[in-house]
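> okay, here's the prediction I keep looking at, along with the sequence it came from:
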Amino acid sequence: MKIALVHDSFIQSGGAESVFEAIFELYPEADIFTSIYDKKFASRYGKIKASRLLQRLPFKDKIEKFAYFLMPLVFESFDFSGYDLVISSSARFSHGITTSSKTCHICYMHSPARFLWEPFDYFSSNLIRLITSPINLWLRIWDQAAVERVDAIFANSNYTAEKIKKFYNRDSTIVYPFQSKECRQPVEKRKDFFLIVSRLSRWKQTDLAILVANKLKIKLVVVGEGEDLPRLKRMAGKTVTFTGRISDSNVVDLMSRAKALIFPQKEDFGITAVEAMVCKCPVIAFSEGGALETVINEETGIFFNDQTVVSLEKAVLDFDKFHFKGENCVRRGKEFSKEIFLKTFSVSVKREYEKFLQSHQEIN
């Protein structure tokens, strides 16, 4: 069987890239396609097929951000004739590939594109939202047509599946992502600092945690980089520390010692919360999105109901009323293991591919 794997881009490493790497482990002989990639990924995967034009240009991270409207043309330009199975890993455009009627296309959808379908949550500037709205209107029309071409969709959570149903009127199979961090034995008594581990974008709502830390004079360690970092540093008080991007081992060390992970954003799944629980670190999470499917209220963490300083402040103050058992956090976190993901994903792919073949036999 000839297989191809497709991913939006390989510019930075995150949860979607970890999932793709696991899929590649299942199909190591597959050809890989993407819009644009950093050379560090070529050493990991070997030859990657990408847009020749975009790949020649400098500042690839900027190209991906500002020339996003070109991506449908890029993905539709790839030739998948001769492939039996194509698996796309998509949070933006890679599901928009075109395949023949003889090729089965399965999409693992991390999320429908946020900037297209949730612009009021994604864009912090009304002006940017207004300027991009004509392009994004066309892209939404293209996106709906692109999803119609997909033979089967896997979603990373029930929350994502609900959005897929709402935006595309398509059903999907839930295949939860996984955490793979190895946590050292936590210290006997956890320290008095709270922790955030995130890409620093406005929609991640990191500023809520900073404002609460300023008000309550509590220690907060912020791990990550992103375009919102300068603004966050300007508003941060003396009890807030920024580490920038650090190694996985250092993240694990912080999770092993932190009082709690603060998770103020609405994520489609939110692997960071699961990683924290594996390190016996309870979670203070916003009560929407994928966190509702991972964090168990008052057992492995607590929820706050509104993305406001008042709501998060109350949760932080209430946190000490609960006595969280580390073993409960670990047990919950390990329910999202890589082994379970690989087994569920491979079984689901086999089932959908057999259904695809059967449907074509009936037609013929």
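Nice, thanks for sending it over. Numbers count the residues shown, from 1 in each chain.

> excluding chain neighbours, give the residue nearest to residue 241 in space.
residue 221 (5.0 Å; CB to CB, 6 or more residues apart in numbering). Every C-beta, even on glycine, is put in place using the N, C-alpha and C of the backbone.

> so who does residue 232 touch?
With contact taken as CB atoms under 8 Å, 6 or more residues apart in numbering, residue 232 is in contact with 200, 206, 207, 210, 222, 242.

> closest one of those residues to residue 90?
Out of these, the one with the shortest distance to residue 90 is residue 200. That distance is 23.5 Å, counting by CB to CB.

> wouldn't the closest one be in contact with residue 226 here?
Yes: taking CB atoms under 8 Å as the definition, residue 200 is a contact partner of residue 226 at 3.2 Å.

> more neighbours: which of the two?
Comparing residue 200 with residue 226 by other CB atoms under 10 Å, the one with more neighbours is residue 200, at 23 against 16.

> can you pull the contacts of the more buried one?
Contacts were defined as CB under 8 Å, 6+ apart; by that measure residue 200 touches 206, 222, 224, 225, 226, 227, 228, 229, 232.

> please apply the same query to residue 171.
Neighbouring residues of residue 171 by CB under 8 Å, 6+ apart: 153, 161, 164, 165.

> helices - which of the residues you listed land there?
Secondary structure assignment (DSSP state H) places 161, 164, 165 from these within helices.

> after the helix or strand bottoming out on mean pLDDT in the chain, next one along is what?
Among the secondary structure pieces of the chain, namely its helices and strands, helix 60-66 has the lowest mean (mean pLDDT, DSSP states H and E), a mean of 70. Secondary structure here is assigned by DSSP states H and E; on that basis, the next helix or strand after helix 60-66 toward the C-terminus is helix 71-76.

> who are the packing partners of that next one?
helix 126-148 (3 or more CB pairs under 8 Å, 6 or more residues apart in numbering; DSSP states H and E).

> quick one: contacts of the helix it packs on?
69, 72, 93, 95-96, 107, 112-113, 115-117, 119-120, 123, 153, 164, 167-168, 170.

> which of those residues fall in helices?
Going by DSSP H, the helices hold 72, 115, 116, 117, 119, 120, 164, 167, 168 from those.

> point out the least confident one among those.
In terms of pLDDT, the least confident member of the ones in helices among the contacts of helix 126-148 is residue 120, at 81.

> quick revisit: PyMOL command for the buried members of the contacts of helix 126-148?
Here is the PyMOL selection string for the buried members of the contacts of helix 126-148, based on 16 or more other CB atoms under 10 Å:
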select buried, resi 72+93+95+96+107+112+113+115+116+117+119+123+153+164+167+168+170
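
> poorly predicted segments of this protein, please.
With pLDDT under 70 as the threshold, the chain has low-confidence stretches at 60-61, 124, 184-189, 362-364.

> tell me the domain ranges of it?
Following automatic domain parsing, the chain resolves into domains at 3-178+338-363, 193-333.

> can you tell me which of the ones you listed is packed in deepest?
Relative to the other members of the domains of the chain, domain 193-333 carries the highest mean neighbour count by mean count of other CB atoms under 10 Å, namely a mean of 19.

> between the two ends of that one, how far is it?
The distance separating the two terminal residues of domain 193-333, taken as CA to CA, to the nearest Å, comes to 21 Å.

> tell me the gap between stretch 224-236 and the middle of its chain.
A distance of 20 Å separates the C-alpha centroid of stretch 224-236 from that of its chain, computed with CA atoms, centre = their mean, to the nearest Å.

> just stretch 268-284 next, same as before
Remark: stretch 268-284 is offset 14 Å from the chain centroid, using CA atoms, centre = their mean.

> now swap in stretch 101-119 and tell me
Computed by CA atoms, centre = their mean, the separation of stretch 101-119 from the middle of its chain amounts to 13 Å.

> try stretch 178-198
In terms of CA atoms, centre = their mean, the centre of stretch 178-198 is found 20 Å from the chain centre.

> what about residue 84, distance to residue 98?
Distance from residue 84 to residue 98, counting by CB to CB, to the nearest Å: 16 Å.

> likewise residue 249?
Relative to residue 98, and taking CB to CB, residue 249 is found at 42 Å.

> just residue 361 next, same as before
Applying CB to CB, the value for residue 361 to residue 98 is 23 Å.

> residue 174 now?
For residue 174 relative to residue 98 (CB to CB), the value is 26 Å.

> go on, residue 136?
Residue 136 sits at a distance of 22 Å from residue 98 (criterion: CB to CB).

> again with residue 260
As defined by CB to CB, residue 260 lies at a distance of 47 Å from residue 98.

> same check on residue 51?
15 Å.

> about what we covered before: which members of the contacts of residue 232 are the farthest-apart pair?
Comparing the members of the contacts of residue 232, the greatest separation, given CB to CB, is between 207 and 242, at 12.9 Å.
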